[in-house]
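S.K.: pasting a predicted model and its sequence here:
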Amino acid sequence: MPEWLTIVIRALGTLVFLFVLTRILGKKQISQLTFFEYVIGITLGDLAGNISTEVESNYWHGVIAILVWCLVPLLLEILTLKSKTLRIWFEGRGRVMIKDGKILEDNLKKERYTADELLEQLRTKSIFRVADVEFALLEPSGDLSVLLKSENQPLTPKHLGMKLVTEKPTQAVMVDGVVQNEPLAAAGRGPGWLQTELEKLGVIKENVFLGQVNTHGELTVDLYDDKLKVPEPSERPALLATLKKCEADLELYSLTTQNEEAKMMYEACSVQLTKAIQQVHTLLRM
């Protein structure tokens, strides 16, 4: 057998073997590398390269070595799930770098961190003043977790006393001009509704590259023909305008009627409708 073919076969076999072992080890090994896992990754890469290209060496000896280097971290991961001491030993622990807007220089020295490196980490999170930080923790993975002071945190609907609907995943109901029945059903819609919405937008299915249904059940599309302008969904703004018109009509009726009982009824309905509009105003205006 030619030497190049031997290398191809060994490399493909090693690739499949490593893929299977990586699936067994789980996603954590990919997303968060601790010091120990970093060493494991480097060693596995070196072993995989050696057994793929060194045709004189015993292939199965290399496979056994890779198996050992994968089974040991798997066993340690199981043990660390049950022991916090082992978890700290192998994965390390976080260290506070900033507290109450002040840098803890001693902790920086322990982590061999410079002020420039700390500022760089803060800038990646769009933070440019240390004084704005309430708390910053260097995680075992090397990432910096930051909590801003209350006055520097962004406003949320909760701060403004607004109630929003629970967000649902956006469903891709059309891809490459083809209707995706499962996402369409998950969005609580049917083919008839989809066709009606496309007609409202004035587009045909064949021209739709991507169609999505958002949390509010509205269809948005991206067309193959980028020169065509697709109107924005207008159902919610139209509903808000209708509610406001009804509110104004009720107030007008209460002012123009001569019947006291009818006047009181119109005023009560107007007040109730005003409260309802206030509750849904933010949702319908978005």
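M.R.: Perfect, I can see it now. Numbering: from 1, shown residues only.
S.K.: look at the residue nearest the centre of the chain and give its secondary structure.
M.R.: In the chain, the centroid-proximal residue (CA atoms, centre = their mean) is P169; its distance is 10.9 Å. Judged by DSSP: H, G, I helix; E, B strand; the rest coil, the three-state class of P169 is coil.
S.K.: tell me the phi and psi of it?
M.R.: phi -60, psi 140 (degrees, to the nearest 10).
S.K.: contact partners for it?
M.R.: P169 sits next to A186 when contact means CB atoms under 8 Å, 6 or more residues apart in numbering. For the C-beta atoms, the positions are set from N, CA and C on the backbone; glycine is no exception.
S.K.: cool, S83 as well?
M.R.: By CB under 8 Å, 6+ apart, S83 has no neighbours at all.
S.K.: average pLDDT across stretch 77-92?
M.R.: Taken as a whole, stretch 77-92 has a mean pLDDT of 75.
S.K.: oh sorry, the question was meant for stretch 270-282
M.R.: In this model, stretch 270-282 carries a mean pLDDT of 79.
S.K.: and what of stretch 154-171?
M.R.: Stretch 154-171 carries an average pLDDT of 74.
S.K.: quick one: buried residues of it?
M.R.: Of all the residues in stretch 154-171, those buried under the rule 16 or more other CB atoms under 10 Å are Q171.
S.K.: any idea how far apart the tips of it sit?
M.R.: 28 Å (CA to CA, to the nearest Å).
S.K.: so where's the stretch 51-200 of the chain uncertain?
M.R.: 55, 90, 160, 162-165 (pLDDT under 70).
S.K.: helices or strands up against the helix or strand where A238 lies?
M.R.: A238 belongs to helix 235-256 when assigned by DSSP states H and E. Applying 3 or more CB pairs under 8 Å, 6 or more residues apart in numbering; DSSP states H and E, we find helix 235-256 packed against helix 260-285.
S.K.: and the helix it packs on, what does it pack against?
M.R.: With contacts taken as 3+ CB pairs under 8 Å, 6+ apart, helix 260-285 sits against helix 235-256.
S.K.: average pLDDT across the helix it packs on?
M.R.: Average pLDDT, helix 235-256: 83.
S.K.: still on that earlier bit, list the buried residues of the helix holding A238.
M.R.: Using 16+ other CB under 10 Å as the test for burial, helix 235-256 gives L240, L243, E247, L250, E251, Y253, S254.
S.K.: and that helix, how far from the chain's centre?
M.R.: When distances are taken as CA atoms, centre = their mean, to the nearest Å, helix 235-256 is centred 39 Å away from the chain's centroid.
S.K.: now stretch 58-73
M.R.: 36 Å.
S.K.: which parts of that stretch are buried?
M.R.: Y59, G62, V63, A65, I66, W69, C70, P73.
S.K.: and the closest residue in space to L119 that isn't next to it in sequence, how many neighbours does it have?
M.R.: Once flanking residues are discounted, L119 sits nearest to V130: 7.7 Å by CB to CB, 6 or more residues apart in numbering. V130 has 16 neighbours, counted by other CB atoms under 10 Å.
S.K.: what are the C-alpha coordinates of stretch 189-197, in PDB please?
M.R.: What follows is stretch 189-197, C-alpha atoms only, in PDB (Å, rounded to 0.1, in the frame of the first residue of the first chain):
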ATOM      1  CA  ARG A 189     -50.300  29.300  11.700                       C
ATOM      2  CA  GLY A 190     -51.400  27.400   8.600                       C
ATOM      3  CA  PRO A 191     -50.700  27.400   4.800                       C
ATOM      4  CA  GLY A 192     -53.800  29.500   4.100                       C
ATOM      5  CA  TRP A 193     -52.700  32.200   6.600                       C
ATOM      6  CA  LEU A 194     -49.300  32.300   5.000                       C
ATOM      7  CA  GLN A 195     -50.600  32.700   1.500                       C
ATOM      8  CA  THR A 196     -52.900  35.500   2.700                       C
ATOM      9  CA  GLU A 197     -50.000  37.300   4.400                       C
END
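S.K.: in it, what's buried?
M.R.: Residues of stretch 189-197 classed as buried: R189, W193, L194, E197 (neighbour count, 16+ other CB under 10 Å).
S.K.: who touches V63 in this structure?
M.R.: Per CB under 8 Å, 6+ apart, neighbours of V63: T14, F17, I51.
S.K.: among the residues you listed, which are in helices?
M.R.: Per DSSP state H, helices hold the following members of those: T14, F17, I51.
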